[in-house]
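J.: Show me how the following folds:
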Amino acid sequence: MNKNNVLITGGAGFIGSHVVRLFVNKYPEYQIYNLDSLTYAGNLENLKDIEEEENYHFLKADINDEESINKLFKQYQFDSVIHLAAESHVDRSIKDPLAFVKTNIIGTLNLLNAFKGIWEHDFDGKRFYHISTDEVYGTLGESGLFTEITPYSPNSPYSASKASSDHFVRAYGETYDLPYVISNCSNNYGQNQFPEKLIPLFINNIINKKPLPVYGDGNYTRDWLYVIDHARAIDLVFHEGENGETYNIGGFNEWKNIDLVRLLCKQMDEKLGNANGTSEELITYVKDRPGHDLRYAIDASKINEKLGWEPSVTFEEGLSKTIDWYLSNQEWLNHVTSGAYQTYYEKQYQS
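T.: Okay, here's the model as predicted:
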């Protein structure tokens with residue numbers, strides 16, 4: 001498969017930056033193009049260590065800008081696309097659903113059309129890889145797992161927009177023979193994650209002795225995936241996945257929110273030298289959000305059996321590595337938590 005010019009969208013974001021770094025370092029023969037609009041969650045500081053590499057190129061553009069996207073595809077003739085750019089925070093989608101429709105649906109269509117436009121008569125060796133979420137499947141009861149054939153049943157504007165983009169990618173495969181793969185992942189955690197998501201938010205709040213806002217009774221259950229393991233899985237799916245297939249990527253690692261928060265508090269207290277239980281005293285239960293899914297859990301046996309992928313760390317190990325990174329990079333944390341983010345945080349988590 002010819003992948004001389006690989007476009008990675010959202011490459012300055014959390015998951016995207018780890019994928020960009022992996023590809024730049026692992027495949028020096030590829031030219032890696034990182035396309036990002038640098039909204040609040042996109043941060044080029046995430047990629048300082050590779051920004052001078054000869055095979056790395058940054059393109060500032062918005063996937064919602066159809067004209068700009070078409071020009072870039074014509075100029076650089078991208079052989080393949082790894083599409084990570086998305087609005088991804090459920091709470092934000094509840095406040096502004098239209099922003100999620102524009103980026104996650106229209107933005108994906110702009111990329112599909114541009115990709116189809118330059119390779120319409122020669123898709124040989126080309127690939128469009130769309131990264132999605134387990135939230136498109138809806139919610140689970142106390143038992144069962146999401147598989148690749150679980151019917152879609154999204155419950156938030158965010159998951160509905162991602163479900164729609166998944167369907168468009170599949171439809172372009174069926175209608176135009178566009179070569180695609182899709183993966184649906186569970187909750188990611190790790191270094192460089194913007195602190196609107198649970199783990200970095202709570203790390204930051206513990207550092208600053210601020211309340212830890214837990215939704216409802218705290219018994220919502222999620223499967224957690226270390227971001228570096230996700231990047232490894234994306235590498236495998238991109239290179240070895242079968243066109244037209246979907247791969248679920250999960251951590252085999254379910255935690256109730258309250259149990260995760262208590263583990264995080266315990267590890268933070270140990271690393272900060274706090275008295276045992278100091279951080280747990282910050283836990284504050286807040287009003288539940290609308291349409292809150294009870295449980296997500298992924299069956300990742302397909303990617304394990306077909307491509308040989310499995311997580312490289314336990315959750316306790318990955319969480320410890322994550323905390324260590326944030327404690328060692330508080331300047332980064334201070335940069336991203338200033339200004340507009342503070343206003344959003346105060347509005348979002350008032351009990």
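
J.: The nearest residue to Ser159 once chain neighbours are set aside and Asn188, how far apart?
T.: Nearest non-adjacent residue to Ser159, counting by Cβ to Cβ, 6 or more residues apart in numbering: Glu135, 3.8 Å away. C-betas here are computed from N, CA, C, even on glycine. Distance, Glu135 to Asn188, by Cβ to Cβ, to the nearest Å: 12 Å.

J.: same question, Lys162
T.: Taking Cβ to Cβ, one finds Lys162 at 14 Å from Asn188.

J.: where exactly do the helices run in the stretch 251-351 of the chain?
T.: Per DSSP state H, counting those that start in this stretch, the stretch 251-351 of the chain carries helices over the ranges 257-272, 301-307, 315-328, 330-336, 340-348.

J.: Thr108: which of these is closest?
T.: Taking Cβ to Cβ, helix 301-307 is the member of the helices of the stretch 251-351 of the chain nearest to Thr108, at 22.1 Å.

J.: Next, the buried residues of the closest one.
T.: 302-304, 307 (16 or more other Cβ atoms under 10 Å).

J.: Report the contact partners of the residue nearest to Thr139 when sequence neighbours are not counted.
T.: Using Cβ to Cβ, 6+ apart and skipping residues adjacent in sequence, the residue nearest Thr139 is Asp293, 3.7 Å away. Residues in contact with Asp293 (Cβ atoms under 8 Å, 6 or more residues apart in numbering) are 135, 138-139, 155-156, 220.

J.: In a markdown table: those residues, plus pLDDT.
T.: Formatted as a markdown table, these follow (pLDDT from 0 to 100):
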| residue | pLDDT |
| --- | --- |
| Glu135 | 93 |
| Gly138 | 94 |
| Thr139 | 92 |
| Asn155 | 93 |
| Ser156 | 92 |
| Tyr220 | 89 |
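
J.: Same list, those residues, but as a markdown table with neighbour count please.
T.: As requested, the contacts of Asp293 are arranged in a markdown table below (neighbours: other Cβ atoms under 10 Å):
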| residue | neighbour count |
| --- | --- |
| Glu135 | 26 |
| Gly138 | 19 |
| Thr139 | 18 |
| Asn155 | 18 |
| Ser156 | 21 |
| Tyr220 | 21 |
